[in-house]
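>>> Could you look at this predicted model? Sequence included:
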Amino acid sequence: PLTGIVLPRDALHDGQIFVADDESRLRIVPAEPKLVQGNIALFSDTIAEGSQVVLNPPIPTIDGALLDQYLDSEIVDRLLAQDAAR
């Protein structure tokens with residue numbers, strides 16, 4: 001079995017994931033999923049547990065840009081439901 005961080009497939013943008021650092025700044029992280037199934041992707045070594053993933057990055061996407069963050073509870077609920085179904 002594979003273990004790791006499950007994210008929406010839409011979180012992956014041309015081999016990169018966007019995360020917010022401790023200062024609410026955008027960071028661009030190269031990432032390659034270990035598994036993609038349906039609308040989810042599994043990352044096992046690129047993204048640290050507890051990372052704040054940015055699903056809707058600002059345009060233009062600039063590393064270090066200050067973010068106004070909010071939790072998208074709809075996406076969280078959907079991912080939890082998909083994970084529970086497996």
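Right, received. Where do you want to start?

>>> List the residues that contact the nearest residue to residue 33 once chain neighbours are set aside.
Nearest non-adjacent residue to residue 33, counting by CB to CB, 6 or more residues apart in numbering: residue 41, 3.9 Å away. Bear in mind the C-beta positions are built from the backbone N, C-alpha and C, glycine included. When contacts are counted by CB atoms under 8 Å, 6 or more residues apart in numbering, residue 41 touches 6-9, 11-12, 33, 35.

>>> quick one: contacts for the spatially most central residue of the chain?
Using CA atoms, centre = their mean, the residue of the chain that lies closest to the mean C-alpha position is residue 53, 4.0 Å off. For residue 53, the contact set (CB under 8 Å, 6+ apart) comprises 7, 11, 17-19, 47.

>>> Return the member of those residues nearest to residue 57.
When these are compared for distance to residue 57, the smallest value, 4.6 Å, is given by residue 18; criterion: CB to CB.

>>> on that earlier part again, dig out what the residue nearest to residue 33 forms beta bridges with.
Residue 41 has the following beta-bridge partners by DSSP bridges: residue 7, residue 36.
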